[in-house]
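In: missing the sequence, but the structure's below:
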Ligand SMILES: NC(=O)c1ccc[n+]([C@@H]2O[C@H](COP(=O)([O-])OP(=O)(O)OC[C@H]3O[C@@H](n4cnc5c(N)ncnc54)[C@H](O)[C@@H]3O)[C@@H](O)[C@H]2O)c1
């Protein structure tokens, strides 16, 4: 097991990543909070509970109250938060209650937000069960829900007391979800950790076969990268923006496909291809580096085929939530293991990057 410390101006906590954490959860939580509070709540989804609920409960002397969130972005809403808060109130939740978010990124984001606003904030713990949630969404304190007008438009920062990422739970994750999560690790390596890039190149077979040691290495390195960035810039006023590498075009693709065709990690995968093209054109990466990194993205794909018009995708980049005052932000790698934010990408450059990416995305038809 690896323990990674997250330290920000407002919170300090450990992220534990390894196999078998789930079955020893209660004593591990007690080491952090002392005796478990009278009311412990678990937010999960029915399918995750069916797969892993028994294992989850094994270490609890008294069973927690289980709350269920229906699966999918469609239920990542204020209405769900209200429904869950009312269930908690009826079950006697008070300021001393503890909430455990047990599931993928959606459960984590909704659970974190619920904990942030229930009685103006109660403590919570993240037990992420998708690779994306383990390497990305459970760390850093961002919580929130969607509005019909856009994703994650309502939310706040509320850090968990701890994160327990049990690699064994990934054993039941569909391969497509696993690969989508691994693309976030590819992102982590490209922007901040060249040794992770090398490891993911050299050990792709083991990682994709879910070899525990190889996965632990990738997951821990990705979490370490995120913890390091969040430590330096909790509120995304500067450095944290580099975590959005691949997201400018990635979000545009999600929007242009109505969030139906692509998993988030896959959209980021194609978004990284566009950003890599732009970086090569600007000379922040060499042709050799470009080829190496593009191959790495496809290695952890395969990314879904897309047939979209360039203009549609370019237009959608204008609506990215990360844009401020209408300025379109792009994260570009600088060599391998470093990245910077640029705001002066011309319409021609953007068009060329999207055209390149869509041509590659269409080629996969063959
Ligand atoms: N807070 C942040 O910093 C942050 C960062 C990135 C993404 N996110 C959010 O994360 C969400 C996406 O998270 P996700 O990719 O984990 O999707 P998800 O939560 O929808 O989970 C994907 C699917 O896998 C299933 N699943 C989960 N664990 C499983 C397991 N162990 N075995 C079998 N099936 C399992 C889920 O039921 C679901 O159907 C998005 O809403 C995104 O906005 C948040």
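Out: Perfect, I can see it now. Small disclaimer: the values here were computed from a predicted structure and weren't measured.

In: Bridged to residue 125, which residues?
Out: Beta bridges link residue 125 to residue 100, residue 162 when assigned by DSSP bridges.

In: List the residues that contact it.
Out: 29, 98, 99, 100, 101, 160, 161, 162, 163, 164 (C-beta atoms under 8 Å, 6 or more residues apart in numbering). Heads up, the C-betas are built off the backbone N, CA and C, glycines and all.

In: pLDDT below threshold where in this structure?
Out: Counting by pLDDT under 70, the chain has low-confidence residues at 319-327, 364-366.

In: Return the residues of it in contact with the ligand.
Out: 45, 47-48, 51, 71, 73, 76, 103-107, 109, 129-130, 132-133, 136-137, 140, 142, 151-152, 169, 172-173, 177, 264 (C-beta under 6 Å from any ligand atom).

In: Among those residues, which lie within strands?
Out: Counting by DSSP state E, these place 103, 142, 151, 152 in strands.

In: who does the spatially closest residue to the last one that is not a sequence neighbour bridge with?
Out: Spatially, and ignoring its direct neighbours in sequence, residue 152 is nearest to residue 144 (4.7 Å; C-beta to C-beta, 6 or more residues apart in numbering). Each beta-bridge partner of residue 144 is listed here, defined by DSSP bridges: residue 155.

In: if we can go back for a sec, what's the most distant pair in the ones in strands among the residues of the chain next to the ligand?
Out: 103 and 151 (17.7 Å; C-beta to C-beta).

In: Give me the more crowded residue out of the two.
Out: More neighbours surround residue 103 than the other of residue 103 and residue 151, with 27 against 16 (other C-beta atoms under 10 Å).

In: Might one say that the more buried one is in contact with residue 132?
Out: No - between residue 103 and residue 132 no contact is recorded; they are 11.4 Å apart, counting by C-beta atoms under 8 Å.

In: For the ligand, what's the nearest residue on the stretch 251-366 of the chain?
Out: Across the stretch 251-366 of the chain, the shortest distance to the ligand (C-beta to the nearest ligand atom) belongs to residue 264, at 5.5 Å.

In: dump the residue contacts of that residue.
Out: Residue 264 touches 105, 132, 180, 250, 254, counting by C-beta under 8 Å, 6+ apart.
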